[in-house]
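A.B. asks: Sequence and computational prediction follow.
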Amino acid sequence: MKVITTHTNADFDSLSSMIAAKKIYGDALLVFPGSQEKSLRDFLIRSTLYVLDMAKIKDLDLDSIDTLILVDTRQRSRIGDFSRILGKKDLRIHIYDHHPSSEDDIKGEVEFIENLGATVSILVKIIKEREIPITPEEATCMMLGIYEETGSFTYPSTRTDDFEAASYLLSKGANLNVVSEMLVKELTVEQVSVLNELISNAVSYNINGIDIVITECTLSQYVGEIALVVHKLRDMENLNVIFALISMDDRIFLIGRSRIPEVDVGSILAFFGGGGHREAGSATVKDKTLVEVKEELIRVLKANVRLVLKAKDIMFFPVKSISANESMEFARETMVKYSINAMPVLEDEKVIGIVTRQIVEKACFHDLGEVPVREYMISDIKVVKEDDPLDVIRDIIVGSNQRFLPVVKNGKLVGGITRTDLLRLMESTASPISEHPYFEKKRSVKHILEERIRKDVLRRLRDLGEIADRMGYHAYLVGGFVRDLLLRRENYDVDVVVEGEGIKFANEISKVYPVKVKEHKEFGTAKVIYPDGFTVDIATCRLEYYSEPGSLPVVEKGSLKLDLLRRDFTINTLAISLNKNTFGELIDYFGGQRDIRERTIRVLHSLSFVEDPTRILRALRFEHRFGFRISKHTMNLIRNAVRMGFLSKLEGRRIWNELRLILLEDAPEKIIMKLEELGILPSIYQGLSFTEKTIRLFEEVRRIRSWYELLYKEKPCDNIDLYLIALMS
């Protein structure tokens with residue numbers, strides 16, 4: 001039995017997430033673990049659609065649950081009686097949540113955890129991707145969750161994904177009149193009385209330089225929606241931070257609200273067994289007096305509230321920079337002279353890029369020392385202003401993998417921050433960088449493998465992982481298979497790399513299964529061929545370098561990271577572990593997931609097209625096939641490589657292989673038109689051009705091919721030859 005549940009005292013985000021999860025898990029029951037907020041109870045009374053889909057926890061045999069789907073929480077202390085079955089053998093747990101992690105967290109077999117304004121936004125993304133139909137009433141319910149949890153898109157936790165989810169729901173018929181009616185809340189007489197008492201008892205404390213209001217009251221009878229009262233007080237008095245302690249029914253309710261990053265309410269209230277977000281949270285305390293809880297709260301605040309560091313507090317200055325027109329050789333000499341690894345590149349006193357020692361040394365190695373720095377600098381960079389906080393700095397250096405961060409004032413360079421500076425700061429402030437979500441380079445995609453891959457292929461992949469375990473190797477899926485898996489495109493060209501001996505691994509497979517092995521000893525690779533024709537290409541993890549522009553690479557044994565570093569584009573640098581204990585773990589060292597999500601083709605370093613100009617043709621082919629865009633920096637590098645004639649250094653066979661792959665694409669004339677625009681065609685064949693006549697000939701080729709297929713001839717039509725004739729005509 002599958003059950004979808006949420007946290008006790010459920011709110012609209014809880015309900016809407018449950019409804020959204022029900023669309024994904026059609027055969028699951030919806031069950032609240034306990035109470036709901038009053039506004040939610042009122043909505044449930046009015047909406048018969050959702051009442052019919054609900055089951056009561058008291059009517060369930062908890063032991064019969066084999067899959068528990070948690071939404072809007074992953075804390076064991078917040079799921080009521082469902083926590084009793086967490087240790088049950090073979091229980092599958094799927095989690096969808098937007099809350100920060102805590103010590104009380106449950107680990108799920110499937111986890112979708114994102115830092116969004118609402119959990120339902122995560123689920124709506126999945127519904128949209130899978131094209132699951134929803135009714136206008138379901139869309140309205142989901143919209144309620146987004147509006148409530150984001151404060152109608154006003155809370156700082158709101159993200160662009162929340163807006164996109166709301167836009168999608170509106171297109172599916174969500175009724176904003178219902179949303180407005182349910183979320184506009186007027187205070188009751190009892191709540192107004194509580195508000196007056198909280199105002200009277202409010203005291204402002206300056207804790208570590210931050211003004212924090214703490215207030216309290218004691219109630220003789222139950223009053224609902226106390227959090228709403230505290231929220232109203234914060235807005236009325238325009239407070240940055242408020243904590244309210246309400247003694248009611250033999251317990252103390254602790255509610256916090258914060259508008260500033262210096263005070264993380266969720267972290268503070270975790271000390272009291274509660275939790276929440278940076279901006280809002282709550283906790284319930286038993287067996288303590290109001291005075292005791294207040295004193296403890298002040299102690300916790302003093303120990304955990306810190307002024308947020310800004311760029312001007314941690315930057316170094318002056319910064320050694322270089323003009324965009326200086327040569328690579330001059331940059332190399334400057335870096336050696338001053339023992340620096342990166343420099344900002346300036347033009348008219350404005351920062352236009354960054355050049356690193358790695359780029360400079362590779363350029364000089366390829367006899368490009370006289371080339372201006374602007375040609376190979378990293379141009380798609382971010383800068384910060386003096387008053388930008390540490391969170392912004394960390395997002396750029398860690399999340400965008402930018403090693404050097406220029407600090408500007410009125411557009412002019414005033415300082416710099418390096419990755420090393422950030423690491424040292426994290427160590428000194430006992431705030432490890434690994435806590436940052438962007439630092440997590442691994443996540444599980446086992447559920448995607450199970451959903452998208454044929455059962456026989458999945459079984460074979462698991463078998464490869466078990467063989468690797470026995471040999472003491474690490475085995476990984478890599479390349480286009482992984483990329484297309486995340487793009488939800490079918491691709492059974494399977495490439496596996498091993499941290500070990502690739503040929504030895506392939507031969508071990510043949511000892512266990514009836515497969516043929518074709519060895520390529522000079523490259524340390526092998527092809528494993530199954531009886532049904534399915535193949536797996538096996539390789540040893542390798543590193544490579546190029547002795548000169550356009551030459552074939554020199555290959556040596558290396559690690560997984562070095563193997564991925566030699567790939568052409570970031571979208572092709574992802575790997576999935578096949579070993580049993582980590583099966584399905586996605587490894588992303590170079591931001592491949594980000595670029596797939598943003599639909600971007602990006603090279604790994606600025607000399608990528610110098611070392612292998614065929615990557616230019618590949619970039620254009622991938623852009624066309626996937627509907628992606630080539631990043632601005634990557635396109636600048638393509639134009640530079642074409643201008644400097646690196647394509648002419650290639651062997652004809654290598655160009656032909658890439659051209660052949662282009663002609664196999666749907667509507668290849670669109671790619672060839674781009675080759676014409678970039679001036680690449682003459683490098684492929686002197687005098688080659690693409691005109692209106694060529695376009696008509698390509699269209700005619702497709703008509704001929706369609707006609708030929710209707711003849712049902714045994715010999716297939718050779719599209720490549722026909723396209724080549726059209727191109728040369």
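C.D. replies: That came in fine, so what should we check first? Residues are numbered from 1 along each chain as shown.
A.B. asks: contacting residues around D72?
C.D. replies: Residues in contact with D72 (C-beta atoms under 8 Å, 6 or more residues apart in numbering) are T6, H7, A10, D11, D13, S14, S17, Y96, D97, H98, H99, T119. In this view, the C-beta of every residue, glycine as well, is placed from N, C-alpha and C.
A.B. asks: at 10 Å what do you get?
C.D. replies: Counting by C-beta atoms under 10 Å, 6 or more residues apart in numbering, D72 touches 5-7, 10-18, 21, 78, 95-99, 118-120, 122-123, 145, 149.
A.B. asks: what secondary structure does the residue nearest to I381 when sequence neighbours are not counted sit in?
C.D. replies: Residue nearest to I381 in three dimensions, not counting chain neighbours: I354, with 5.3 Å by C-beta to C-beta, 6 or more residues apart in numbering. Under DSSP: H, G, I helix; E, B strand; the rest coil, I354 falls in the strand class.
A.B. asks: give me the beta-bridge partners of I354?
C.D. replies: Applying DSSP bridges to I354 yields these beta-bridge partners: P344, I378.
A.B. asks: what does V71 give?
C.D. replies: Taking DSSP bridges, one obtains Y96 as the residues bridged to V71.
A.B. asks: Touching, it and S17? I think so.
C.D. replies: Yes: V71 is within contact range of S17, at 3.7 Å (criterion: C-beta atoms under 10 Å).
A.B. asks: Mutual contacts of these two, please.
C.D. replies: Going by C-beta under 10 Å, 6+ apart, residues that sit against V71 and also against S17 are I4, T6, A10, Y96, D97, H98, T119, V120, I122, L123, G145.
A.B. asks: of those, closest to L413?
C.D. replies: Nearest to L413, judged by C-beta to C-beta, of these is H98 at 37.5 Å.
A.B. asks: so what's I69 up against?
C.D. replies: 2-6, 17-18, 21-22, 24-25, 28-30, 92-96, 108, 110 are the contacts of I69 under C-beta under 10 Å, 6+ apart.
A.B. asks: In three-state terms, label it for me.
C.D. replies: Looking at I69 with three-state DSSP, the answer is strand.
A.B. asks: Let me know the distance separating it from R78.
C.D. replies: Using C-beta to C-beta, to the nearest Å, I69 is found at 15 Å from R78.
A.B. asks: Q221 now?
C.D. replies: Taken as C-beta to C-beta, the span from Q221 to R78 is 26 Å.
A.B. asks: quick one, phi/psi of M335?
C.D. replies: With angles defined as degrees, to the nearest 10, M335 sits at phi -60, psi -40.
A.B. asks: Name the nearest residue to it, ignoring sequence neighbours.
C.D. replies: Counting by C-beta to C-beta, 6+ apart, the nearest residue to M335 once its immediate chain neighbours are dropped is R357, at 5.1 Å.
A.B. asks: in terms of contact, does that neighbour touch Y338 like I think?
C.D. replies: No: checked against C-beta under 10 Å, the pair R357 and Y338 is beyond contact range at 11.0 Å.
A.B. asks: Give me the more crowded residue out of the two.
C.D. replies: R357 (16 against 9; other C-beta atoms under 10 Å).
A.B. asks: Identify the residues contacting the more buried one.
C.D. replies: A331, R332, M335, V336, S339, I340, N341, A342, M343.
A.B. asks: same question, V194
C.D. replies: Going by C-beta under 10 Å, 6+ apart, the list of residues near V194 reads 187-188, 217, 219, 223, 225-226, 229-230, 233, 244, 246, 248.
A.B. asks: Any chance of the residues you listed in CSV with distance to R84, neighbour count and pLDDT as columns?
C.D. replies: Below are those laid out as CSV (distance: C-beta to C-beta, whole Å; neighbours: other C-beta atoms under 10 Å; pLDDT from 0 to 100):
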residue, distance to R84, neighbour count, pLDDT
L187, 38, 14, 78
T188, 36, 15, 81
C217, 35, 22, 94
L219, 32, 16, 90
V223, 31, 17, 84
E225, 30, 17, 78
I226, 29, 21, 85
V229, 34, 25, 90
V230, 32, 25, 92
L233, 38, 22, 91
A244, 32, 26, 96
I246, 30, 24, 94
M248, 28, 16, 88
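A.B. asks: Among the shared contacts of V71 and S17, which one lies nearest to W656?
C.D. replies: For those, the nearest to W656 is I122 (46.2 Å; C-beta to C-beta).
A.B. asks: Pull up the pairing partners for the host helix or strand of G281, direction included.
C.D. replies: Element membership for G281 (DSSP states H and E) is strand 280-286. Counting by DSSP bridges, the strands paired with strand 280-286 are strand 251-258 (antiparallel), strand 275-276 (antiparallel).
A.B. asks: Quickly, which of the ones you listed bottoms out on average pLDDT?
C.D. replies: Lowest mean pLDDT within the strands paired with strand 280-286: strand 275-276, at a mean of 81.
A.B. asks: where along the stretch 451-600 of the chain do the strands fall?
C.D. replies: With strands called from DSSP state E, counting those that start in this stretch, the stretch 451-600 of the chain shows them at 474-478, 494-499, 516-520, 525-529, 535-540, 542-545, 554-557, 575-577, 585-587, 600-601.
A.B. asks: Tell me which residues touch the nearest residue to F317 once chain neighbours are set aside, please.
C.D. replies: In space, F317 comes closest to G415 once its chain neighbours are excluded; the distance is 4.1 Å by C-beta to C-beta, 6+ apart. Taking C-beta under 10 Å, 6+ apart as the criterion, G415 is in contact with 311-312, 314-319, 384, 386, 405-409.
A.B. asks: Among those residues, which ones are in strands?
C.D. replies: V384, L405, P406, V407, V408, K409 (DSSP state E).
A.B. asks: I'd say the fourth one and I393 touch.
C.D. replies: Yep, that's V407 we're talking about. Yes: here V407 reaches I393: they are 9.0 Å apart, a contact under C-beta under 10 Å.
A.B. asks: Spell out which residues are contacts of both of these two.
C.D. replies: The contact lists of V407 and I393 share K310, A311, I314, M315, V384, I417, where a contact means C-beta under 10 Å, 6+ apart.
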